[in-house]
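**Q** Quick one, fold the following:
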Amino acid sequence: MAIVIIRTLIIYFAIVVSMRVMGKRQLGELEPAELVVAVLMSDLAAHPLQDLGTPLIYGLVPVLTLLCCEILISGAILKVSWLRALVCGRPGMIIENGKIIQREMRKNRYTLDELAERLRKKDITNIGTVRYAILETDGTISAFLYPEYAPITPCQTGTDVSAPGFPVPVVCDGRVLEKNLKSLGYDRVWLERRIAARGAGSERDVFLFSTDGCGNEFFQLKERPK
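**A** A predicted model of the protein is given here:
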């Protein structure tokens, strides 16, 4: 039993490290080559776990080989444009000047239902308001509305808007995050005063307290067990 646990942990950490080296992407954002590598890694790593007679190295070597291939290919596609088009594909213009490009839809085997679904996820219910829509290589849609339907920005109205600060948690689930507190230029005395002003006895009573350093704060007490 101990051997099974040790082999499983080794394979687990090898896969985790490999995926971290590949970069921070969600499964739906993986390029085709990256998705293939991820699927192959999981399949190859499973064999030594299922058969204890298989040497562990037979699972680790293919995983490391695939990782090296992925790193080399990722570096190559950054410099060679045609290789990137070959491996990752090219974005396709699905809507151009308000007109759905049916040829591009058929080429990508993309249905109207899928297009409407992706637009709804971007809070767009009327296709007629879309001037351009691009099908990205990861399968997502980038949509650009006609100017009359696009949200108005402060720049267009000439409104002077000050840049807000970035909210930083200083107390999380009853624990004081000393590093964040110091980065904002505050100390424990300030924190205790703010906590007391909110009606809490100490930081142990606080579920979340965050501030952006510009006076904007979020404060919530812990819920008492019923």
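**Q** which residues of this protein fall in strands?
**A** Listed in chain order, the strands of the chain (DSSP state E) span 92-96, 99-100, 130-135, 141-145, 168-172, 175-176, 206-211, 217-221.
**Q** Just send these back as CSV, with mean pLDDT and mean neighbour count too.
**A** Placement of C-beta: from N, CA and C, glycine included. Shown next, in CSV, are those (pLDDT from 0 to 100; neighbours: other Cβ atoms under 10 Å):
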stretch, mean pLDDT, mean neighbour count
strand 92-96, 93, 18
strand 99-100, 94, 12
strand 130-135, 95, 20
strand 141-145, 94, 16
strand 168-172, 93, 20
strand 175-176, 93, 16
strand 206-211, 93, 19
strand 217-221, 92, 14
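**Q** Which one of those lies nearest to Ala85?
**A** strand 92-96 (12.0 Å; Cβ to Cβ).
**Q** Tell me which residues are up against the closest one.
**A** Defining contact as Cβ atoms under 8 Å, 6 or more residues apart in numbering, one finds that strand 92-96 is touched by 100-101, 104-105, 107-108, 110, 115, 127, 130-135, 141, 143.
**Q** need the contact list for Tyr110.
**A** 94, 104, 135.
**Q** residues of the longest helix along the chain that come out buried?
**A** The longest helix of the chain (DSSP state H) is helix 57-79. Buried residues in helix 57-79, counted by 16 or more other Cβ atoms under 10 Å: 59-60, 62-63, 66-67, 70, 73-74, 77.
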